[in-house]
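**Student:** please work out how this folds:
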Amino acid sequence: APQVGYLVERKDFEVEWDNDAEDVLADMEFRPEDSEHDKKLKLRVLDIYNSKLDAREERKRYVLERGLLAKHTAPPPSPIEQEIVQNFRIFARFHSDSEHEKLIQGLIEEQRIRDEINQIMSELGQGGDNAHPTKSPKRKREGLPTPRGKKK
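**Tutor:** This next block holds a predicted model:
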């Protein structure tokens, strides 16, 4: 899946950390008439620029190794999911990131199941052809089993 702001083929970001670091070097050039002090100053500027490139690579590696890019390119959470994440954020400090993510995903799944139960209950209350939740078109579409009818 394409990642917004990340160029997979180049393994590079469209906008890098400290993206304007190159601006300092844009007009700098070494000339034979430069004084020794000017040469040292320009070499120091190059050292600073190289350290910025190293920091940029380190940040890129950090994001890619930990899969942080994929987390931010997932579809946005529903309002209910956002509420669950917000309400349980205070508990994140009591366990690891993976444990907290597992907790949140479990709560989101529980909410999804509750919503599905409520939907089935409302179908039961309406009567008609959809009065029996296991005979609903949705169950057939999703490949869920339907009970066998009573023989008379």
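**Student:** then stretch 22-33 to CSV, C-alphas only?
**Tutor:** C-alpha atoms of stretch 22-33 as CSV (Å, rounded to 0.1, in the frame of the first residue of the first chain):
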residue,chain,number,x,y,z
GLU,A,22,20.8,22.1,2.7
ASP,A,23,20.0,25.8,2.5
VAL,A,24,23.1,26.7,4.4
LEU,A,25,25.3,25.0,1.8
ALA,A,26,23.4,26.3,-1.3
ASP,A,27,25.6,29.3,-1.9
MET,A,28,28.8,28.2,-0.2
GLU,A,29,31.8,27.4,-2.3
PHE,A,30,35.5,27.0,-1.7
ARG,A,31,37.7,29.5,-3.5
PRO,A,32,41.4,29.7,-3.8
GLU,A,33,41.4,33.2,-2.4
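**Student:** burial count for Ile84?
**Tutor:** 20 (other Cβ atoms under 10 Å). Backbone N, C-alpha and C define where each C-beta goes, glycine included.
**Student:** and it, what does it touch?
**Tutor:** Ile84 is in contact with 104, 107-108, 111, counting by Cβ atoms under 8 Å, 6 or more residues apart in numbering.
**Student:** how many neighbouring residues does the nearest residue to Lys39 once chain neighbours are set aside have?
**Tutor:** Among residues not flanking Lys39 along the chain, Phe30 sits closest, at 6.9 Å (Cβ to Cβ, 6 or more residues apart in numbering). For Phe30, the neighbour count with other Cβ under 10 Å is 10.
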